[in-house]
Every structure is written in structure tokens, then in C-alpha cells.
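A.B. asks: Give me the fold of what follows.
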Amino acid sequence: TTFQQDTKGIRPHLFLRLLILKVIKDTDAQGTIILKCCDSNEAIYTIILNDVWTRESDGIETYKKHEVIHITSLLQIQNSENMKTLLFNKTIRLSKEDSLFIVTSPDILISGTTLADAITCQRQTVIKRNFGLLSQPSIVLNRGIIIHELFQKVVRKLITPETVTKQEHDKDEMNPNLMYDKIMTLFKHGYLTQLLKKIVAKHKYDVIISDEVELDDFIESLQRQFLPIIETFIFEFLCQDTESKLVNVQGHSPLRIKMKDVLKIEEPVDSSIFGIKGIIDMTINTTHGYMPLEIKTGKDRSLKHATQTLIYALLLWEKYGVQIDYFWILYLGDMDASGKDTGSFSKINSVLNKVDFDEFKRMINFRNTLKNFFDNEYIMESHGNEKDIEDVLKIPSLLTAGKSTCERQCCCQDVCTVLNRLER
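C.D. replies: Numbers count the residues shown, from 1 in each chain. Got it, this is the predicted structure:
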């Protein structure tokens, strides 16, 4: 693809892989942490941590003796000084001003969804993972699965040239399927409705069991609620012979943007350098560069959504070596938290977020902290101990900001209550 040509394929990423030999906590006002480490050739390194990298959870040590760490940077091409530091210095400082990252136990891959969920309640996230608890099927979950599949199938059909030869496509000619008349013809003949019915039929048992609704009523509600917004988005942003449109940018002035191409759909990205993995709804090329596009079937913006998509921006940046300046979240839904339809609309509800490098750092440090609750078996195997109650209870503490902070339908409620009694 053009994406791969622009980035010369997947670039090798420079990083230091070290083993912690000693952790020293300085008594200075900055709370400096010093790590004595060695590489595979037994060369000794001193890693000095300040600012965001010194923030730890209560009672949990982020950095441990005999733990593997990675030191790396996203700005490998733009910032040669950081690369000289990685290549030649045996003393490396990580602070707010540089673009260096430290990743603990990078071989433990944590998904972007897990990290995003933990933003609001670390305890729930850890319990779900360690005890294998799953969210109960619901109308919201089923709608999300079906509409995601619908949106992606429509886009995949549109971006796949049917009447263009390979030679013409290689010349970077505009895809005729993405012209206004072609899209209008497709939608006018009821393509979206027919495709929706096929997808619902595939998921009909899940719908009937969890939602207790008639399939015809369910399809009708999806048609009324989601199809207009999908059509509007495609005409305004994916159609190649229409003008670019204004999109709200979180914390900044609105921006005119147009999608040039959809490069990948449902792209799985694993980073063994940053210890993160995820599946990106769409990787797109726009008039403002490459970015991840995430589709949400609710209507409310949340910190979870922004965190998840920010993680995907980092994964794309690291995988392809292309600077990602924005990430895009599209909200398709018009329903309340219980899944009740609150009326149809066709106005685009989407938001661009500007990538903040400091947020990248905070998110990686958050991942380093959360990881400590996920590697019980790894730690116990390395020390040869049997699992006891202290290992089971190695979970984040309860939320303390009031009962309203806990979800009413939390799938972990029973287990969380039992564990709280055991802790006490």
C-alpha cells in the first residue's frame, strides 16, 4: 500500500533491553529512582528516572530486581540525540523533557482495551482478567458487534476497486467506487439494509437470548438509529469528490479533514517493545496524515475511548515509523446507557484528538503499574513458591470516591465483595 511505501515497510525499531540488578530510591525532593542494569553482554547501565516515571501505586513497586526493561524512543528519526544516548551512553536519564520511554516486563502484552478499562477501575479490570470473568450479553454489546461489522463491510466494499486494473491502481488513480454517484447508486438500491439483515441473521441467537426482542423490531431500530449516520459519514468523509468537512478537535479549534484512503480494517498490532497489543478498527490516511479511526456505537465521549485510541496511535507510530498527530473517534449511537433508543439522527458526532507526547508517557507508566497485577504466575515460578492468599489478593484497592463510582451492573460485583472481605 501507499502507507507501506511511504514508511519503507515496517521499520526496525531501536531499543535497549536490560535486566535490573538493583533499585535505588533517592531521598531527594524529586523522588528520583536509580536502576542499575546490565545488557546481554553484561555491560552495566545506570538508568535515572524522574517525573512521571517515578509515580507508583500504593504498596506496589513498579521496578523490581531481576526484571527485564526496555528503553526506547518514538522519535528515532527526528531526534538523533536520543538515539546517541541509547547507542553510546551508559548513563541514561528519563525525564519530562526527553522523548525516551521505559517499559517494564515488555514480554507481557496488555491490550489497549484492558488499559482503557482500567482507567476508571483498575480493580474491575484485574479481577476480570485474573478470574476469567466476562461481561454479560446485552443489547448494547450485540448492537456494537453488529454495527461494527456492518460499517467495516460497507467500507471494505467501497475501497475495493472492481473496475480498475492493477496497472491503473498502481498509478494512484482515484478509486471510482468512492465517487459520489457510485456511492449514491449503491445506497439507493438498499445495500445497507440488505447487508444489515444478513449480519443480524448471523447473530440472531445472541440477539434473541440476551435482548428478548423480535428480530424484525431489532432490525428496524438499527435501521432507524445507525444507517443514516453511516451514510452521512461515508458521503462527507470517504467520498472523494466532495469537499472536506469540519470536525471538532478536543481542546482545540475545529479542523477540516478528508479521508484519502482506508489502509487497513481490523488491523492487529502487537508491540513487543512497548508491551501493548490491540486491534485497530481502521487505519486511515487523511489530509492530516495517518491515524487510527475507532468506531463507537454509543453517543457519549469518555476517557476510556480516548485512552484506547491514543494507545492505537502509539502502536501505529512504533510499527510503521510514521509520526501520528491525531486520532479519530466516531460515535454512531443515539441511545442511553441501558441501550434504549432515544431517537434517530444523521448528524455526525465525531471528535479528533491531538496526540500529546506527555500522555503517551503517562499511559506507558500506567501500563507499567498495571502490569504488576498481571504477572503473579510469572513471579511465583521464578521464585518457586506456591500460590497463597497474598498472591490471590494482589489486586488494586476498592474505589473510595463514593458508591456512585461503581457500575450498578458490574460483572465483578460478587467476586469483588468476597475479595474485599478476605482482604479485611
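A.B. asks: Break down the stretch 251-400 of the chain into its helices, ranges please.
C.D. replies: For the stretch 251-400 of the chain, helices defined by DSSP state H, counting those that start in this stretch occupy the ranges 303-320, 357-371, 376-383, 389-392.
A.B. asks: These: which one's closest to Lys64?
C.D. replies: With distances scored as C-beta to C-beta, the stretch of the helices of the stretch 251-400 of the chain nearest to Lys64 is helix 376-383 (8.5 Å). In this view, the C-beta of every residue, glycine as well, is placed from N, C-alpha and C.
A.B. asks: what mean pLDDT would you report for that closest one?
C.D. replies: On average, the pLDDT along helix 376-383 is 46.
A.B. asks: next one: stretch 45-55
C.D. replies: Average pLDDT, stretch 45-55: 91.
A.B. asks: Can you give me the buried ones in that stretch?
C.D. replies: 45, 47-54 (16 or more other C-beta atoms under 10 Å).
A.B. asks: what's the burial count for Ser40?
C.D. replies: Ser40 has 8 neighbours, counted by other C-beta atoms under 10 Å.
A.B. asks: So which of the buried residues of stretch 45-55 is the closest to Val247?
C.D. replies: Using C-beta to C-beta, these come closest to Val247 at Val52, 29.7 Å.
A.B. asks: who's in contact with Gln30?
C.D. replies: By C-beta atoms under 8 Å, 6 or more residues apart in numbering, the contact set of Gln30 is 50-51, 54.
A.B. asks: again, only this time at 6 Å
C.D. replies: Contacts of Gln30 were listed using C-beta atoms under 6 Å, 6 or more residues apart in numbering, and they are Asn50.
A.B. asks: For it, give me the pLDDT.
C.D. replies: pLDDT recorded at Gln30 is 75.
A.B. asks: Surely it forms part of a helix?
C.D. replies: No. According to DSSP: H, G, I helix; E, B strand; the rest coil, Gln30 belongs to no helix; its state is coil.
A.B. asks: Look up how far Val103 lies from it.
C.D. replies: Distance of Gln30 to Val103, computed by C-beta to C-beta, to the nearest Å: 21 Å.
A.B. asks: ok, Ile229 to Gln223 distance?
C.D. replies: From Ile229 to Gln223 the distance is 11 Å (C-beta to C-beta).
A.B. asks: for Lys64, that is, sorry about that
C.D. replies: According to C-beta to C-beta, Lys64 stands 54 Å off from Gln223.
A.B. asks: for the residue positioned nearest the centre of the chain, what are its contacts?
C.D. replies: Residue closest to the mean C-alpha point of the chain, counted by C-alpha atoms, centre = their mean, is Gln308 at 3.1 Å. The contact partners of Gln308, taken as C-beta under 6 Å, 6+ apart, are 112, 116.
A.B. asks: ok, longest helix in the chain?
C.D. replies: helix 139-159 (DSSP state H).
A.B. asks: average model confidence for that helix?
C.D. replies: Taken as a whole, helix 139-159 carries a mean pLDDT of 88.
A.B. asks: same check, this time on stretch 224-238
C.D. replies: Rounded mean pLDDT across stretch 224-238 is 89.
A.B. asks: Repeat that for stretch 121-136.
C.D. replies: Regarding stretch 121-136, the rounded mean pLDDT is 76.
A.B. asks: now do stretch 414-424
C.D. replies: 82.
A.B. asks: got the buried residues for it?
C.D. replies: Buried residues in stretch 414-424, counted by 16+ other C-beta under 10 Å: 415-416, 419.
A.B. asks: Would you mind giving those residues as CSV with secondary structure and distance to Phe374 added?
C.D. replies: Formatted as CSV, these follow (DSSP: H, G, I helix; E, B strand; the rest coil; distance: C-beta to C-beta, whole Å):
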residue, secondary structure, distance to Phe374
Val415, helix, 16
Cys416, helix, 17
Leu419, helix, 16
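A.B. asks: In this protein, where's the longest strand?
C.D. replies: Secondary structure of the chain per DSSP state E: the longest strand is strand 259-271.
A.B. asks: which residues are in contact with that one?
C.D. replies: 1, 3, 152, 155-156, 159, 237-238, 277-280, 282-286, 315, 318-319.
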